[in-house]
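Participant: Using only what follows, build the 3D model:
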Amino acid sequence: MNALFPGFEQKQIEVSGARINLVHGGSGPALLLLHGYPQTHCIWHRVAPRLAAHFTVVAADLRGYGDSSKPAGLPDHCNYSKRAMALDQVEAMQALGCNEFYLAGHDRGGRVAHRLALDHPQRVRKLAVLDISPTRTMLEQTDRALAKAYFHWFFLIQPTPFPETLIGADPEFFLKYQMGRRYGGLKVFDPAAMAEYLRCFSDPATIHASCEDYRAAETIDLEHDAADEAAKVECPMLALWGKHGVINEQFDCLADWRAKAREVQGCALDCGHYLPEEQPLEVARQLESFFA
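Facilitator: The predicted structure is shown next:
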């Protein structure tokens, strides 16, 4: 794993609800990078070393993913709510001496980042989200096309142990199908990164935890979002998305986020869903410019 992040140090930090695995390196203002499903912090391996020239970069595994801890889901899924997962990251950054930081999240990490900016506005200097519209917006606008494209949302939320059993029968097949069916296919991924994704995703605890992440998104996260319906992200925000992905095809990403934040800018990049691995130079340029 360290070969993917030359010059970075790996740490595991105990926080109040989990143990968070991360790598950190570089110098300058703190920048936290969060990954999505079904990956790990390794999604940033082509971006983080470039950003480390200007920032103290932290790339963390979310609770339930990578080498972070994977508690069994609770009946109401609250321990995989984005609120709980956001608090993990706040506490991990505090342990590193970073009381405020820039924040970027891809996919599920973007959803955790959104909640973190709402719950802990004093911590986040600027926020970037990659290839998502807000969770509640997407679920409320789900139609036949989105249900086909994002079938996994509705598969993973089924009660345990149904999706866990089916995925666990062949985790490698499911992982490669899920990642390879998008624009660019599997060739966009570095073999070493793919090996890390497969190593982590093959753990039954990861399969269960990632299902819990999605179960929370369809239950307790929606309750939190409804309670905060009038709340907006106060810090400046950047939205990036793939020109060849579902967000570009089915949502108005900027308009969606301008309904949830005070100040939003952004654009589509010439890639699919996995922006940090498909367009790492452009992602690094966009983040460096925005966070500078």
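Participant: What residues of the helix or strand hosting A216 count as buried?
Facilitator: A216 belongs to helix 204-217 when elements are defined using DSSP states H and E. Using 16 or more other Cβ atoms under 10 Å as the test for burial, helix 204-217 gives T206, I207, H208, A209, S210, C211, E212, D213, Y214, R215, A216, A217. C-beta: built from backbone N, CA, C; applies to glycine.
Participant: how about the helices of the stretch 1-150 of the chain, start to end?
Facilitator: Applying DSSP state H, counting those that start in this stretch to the stretch 1-150 of the chain gives helices spanning 48-51, 82-95, 108-119, 135-140, 144-149.
Participant: Could you say which of those is packed most deeply?
Facilitator: Counting by mean count of other Cβ atoms under 10 Å, helix 108-119 has the highest mean neighbour count of the helices of the stretch 1-150 of the chain, with a mean of 26.
Participant: Now do that helix against helix 82-95, angle only.
Facilitator: On the basis of axes from the mean of the first three to the mean of the last three Cα atoms, to 10 degrees, helix 108-119 is oriented at 80 degrees to helix 82-95.
Participant: show me where pLDDT drops low in the stretch 1-150 of the chain?
Facilitator: By pLDDT under 70, the weakly predicted segments of the stretch 1-150 of the chain are 1.
Participant: Generate TSV for the helices of the stretch 1-150 of the chain, with distance to D221 as supplementary columns.
Facilitator: Output for those, formatted as TSV (distance: least, Cβ to Cβ, whole Å):
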stretch	distance to D221
helix 48-51	27
helix 82-95	5
helix 108-119	8
helix 135-140	6
helix 144-149	18
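Participant: right, so of those helices, which gets closest to F173?
Facilitator: helix 144-149 (19.5 Å; Cβ to Cβ).
Participant: what does that closest one contact?
Facilitator: Helix 144-149 has contacts (Cβ atoms under 8 Å, 6 or more residues apart in numbering) with M138, F154, V246, E249, Q250.
Participant: which residue sits farthest out from the middle of the chain?
Facilitator: Using Cα atoms, centre = their mean, the residue of the chain lying farthest from its centre is A169. It sits 25.3 Å away.
Participant: Phi, psi for the residue nearest to T40 when sequence neighbours are not counted please.
Facilitator: Among residues not flanking T40 along the chain, G66 sits closest, at 3.5 Å (Cβ to Cβ, 6 or more residues apart in numbering). With angles defined as degrees, to the nearest 10, G66 sits at phi 60, psi -130.
Participant: returning to that earlier point: of the contacts of helix 144-149, closest to A268?
Facilitator: Using Cβ to Cβ, E249 is the member of the contacts of helix 144-149 that lies nearest A268, at 10.5 Å.
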